[in-house]
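Student: Next comes the sequence, and after it the predicted model I'd like to discuss.
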Amino acid sequence: MEIPFMKRSLITIRILLMGVVILLSLHSAFAVSQEKLRVAVTDRSPYSFRDEEGKWSGLGVALWEQIAGRLGIGFEYVEVPFDQITSTLSSGACDLTPVLAVSADKSSLVRFSNPYLISHGALLTRRECVAREMLNLTKQLVNRQMLVILAVMLLTMVVFSAALLAIERRQREGHFTGSAWKGFGTALWFSAVTMTTVGYGDKTPVSPLSRLLTFVWMMFGVLVLAVFTGSVSSSLTMADITSGIIRLNELNKFDVGVLKGSRMDELIESRGIPAVRYGTLKEGLDALQSRESISAFAGDDISLGYAISRGYAGQFHLSLIPAAELNHSFAFRPGLPNMELINADLMQITLAPDWRTRCEKWTGPSVF
């Protein structure tokens, strides 16, 4: 049955209207890609910084440019002081930034994406002189376990020397003759070189009983020496580990500096720890270098490690603060269209197997 002309015209008009509605919906959905977004950036290596040509670069910048390219989003960079980024986003002066760490305090003002990088808090201190480092190492070695082992070693050496002397003094010809004190000194020397497996051979027992006793002493010496060596090794390892780890509450022992508005700034303030706040990381590290105002600087381990490797090599000691976990992410102004679309693309990129390798291009391999 043939459809009347008027009816066919109405169907055609309806189809066209539906197409217009779909096109308008798509236009609304991707309006963010047609209007330039204002991306807040600041000098915070390695997340965002100006390269030698004056262009914005860094891990966060590179990630954003990849997302913008994939989604066809136009944008322009706006340089903003780090401590003003949150207020700039919340006021709508900028649309997003790739350089903030997730913060409960800021979550009421801006919206955060899934984290693209996880780091930890860290503390920079000036390197101590060799004498002070040796003193710290000595304190680590002189502990109760070490003292007990040394006491056992000395006591058993005395007991073995006395037993050996009592047996060997019956021999007319031997290496342990003479006065009692001279013989005991010789036996003590023999027990020491035998325990340490040096074995000079200048003194040797003669009687079968003393040789049997010496054999037992050699086996015992190997065991004690192994325990002693293991204890020293453990103490040295612990000294190395503990020198690179610090608790957040221990920061009150220092005159500490911090980047104003950073996540570490919030953590320090929440614990009531007094701190000197700096507008840029360079200002803080220069103050630490010149020994003015502060004796330590707190931040995230990646930023601090990046900074000292490029301008302060060999001048600072970096200690990790494991309890201070910092999740770096994008922050959006409230109500930004298609924020979820950007976040979904970010997750797709950062969950790829090569993302860690790409991060290490900027951060370097993790030290911890």
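Tutor: Here it is on my side, so go on.
Student: So what's the residue count around the closest residue to residue 114 other than its chain neighbours?
Tutor: Spatially, and ignoring its direct neighbours in sequence, residue 114 is nearest to residue 347 (5.3 Å; Cβ to Cβ, 6 or more residues apart in numbering). From N, CA and C alone the C-beta is placed, and that goes for glycine too. Residues lying near residue 347 (other Cβ atoms under 10 Å) number 14.
Student: right, and residue 347 touches residue 115 too?
Tutor: No: taking Cβ atoms under 8 Å as the contact criterion, residue 347 and residue 115 are not neighbours in contact, 9.9 Å apart.
Student: quick one, domains of this structure?
Tutor: 125-130+244-326, 135-242 (automatic domain parsing).
Student: Any idea which of those gets closest to residue 65?
Tutor: For residue 65, the closest of those is domain 125-130+244-326, at 19.6 Å, according to Cβ to Cβ.
Student: for residue 339, what are its contacts?
Tutor: 111, 113, 332 (Cβ atoms under 8 Å, 6 or more residues apart in numbering).
Student: so which of the domains of the chain is the most packed in?
Tutor: Highest mean neighbour count of these: domain 125-130+244-326, a mean of 18 (counted as mean count of other Cβ atoms under 10 Å).
Student: Start and end of that one, how far apart?
Tutor: 20 Å (Cα to Cα, to the nearest Å).
Student: Next: stretch 286-304.
Tutor: 13 Å.
Student: Residue 329 belongs to a strand?
Tutor: Yes: under the criterion used here (DSSP: H, G, I helix; E, B strand; the rest coil), residue 329 sits inside a strand.
Student: which residues does it contact?
Tutor: By Cβ under 8 Å, 6+ apart, the contact set of residue 329 is 100-102, 112-116.
Student: Ok, residue 35 next?
Tutor: Contacts for residue 35 were tallied using Cβ under 8 Å, 6+ apart; they are residue 74.
Student: before we move on, what about the one 3 residues further on?
Tutor: Taking Cβ under 8 Å, 6+ apart as the criterion, residue 38 is in contact with 75-76, 78, 93-95.
Student: which SSE is residue 231 in?
Tutor: Residue 231 is located in helix 208-242, with elements delineated by DSSP states H and E.
Student: Below-threshold pLDDT in the chain: ranges please.
Tutor: Judged by pLDDT under 70, the chain has its weakly predicted residues at 1-34, 128-143, 171-175, 177-178, 199, 201-202, 233-244, 365-368.
Student: Send me stretch 257-271 as CSV with only the CA atoms.
Tutor: The C-alpha coordinates for stretch 257-271 follow below in CSV (Å, rounded to 0.1, in the frame of the first residue of the first chain):
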residue,chain,number,x,y,z
GLY,A,257,59.8,25.2,55.9
VAL,A,258,57.0,24.2,53.5
LEU,A,259,55.5,25.2,50.2
LYS,A,260,52.5,27.4,50.9
GLY,A,261,49.2,25.9,50.0
SER,A,262,50.6,22.4,49.4
ARG,A,263,49.2,19.2,50.8
MET,A,264,52.2,18.9,53.1
ASP,A,265,51.4,22.4,54.4
GLU,A,266,47.9,21.1,55.3
LEU,A,267,49.3,18.0,57.0
ILE,A,268,51.8,20.0,59.1
GLU,A,269,49.2,22.6,60.1
SER,A,270,46.7,19.9,61.1
ARG,A,271,49.2,18.7,63.7
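Student: Understood, closing this out.
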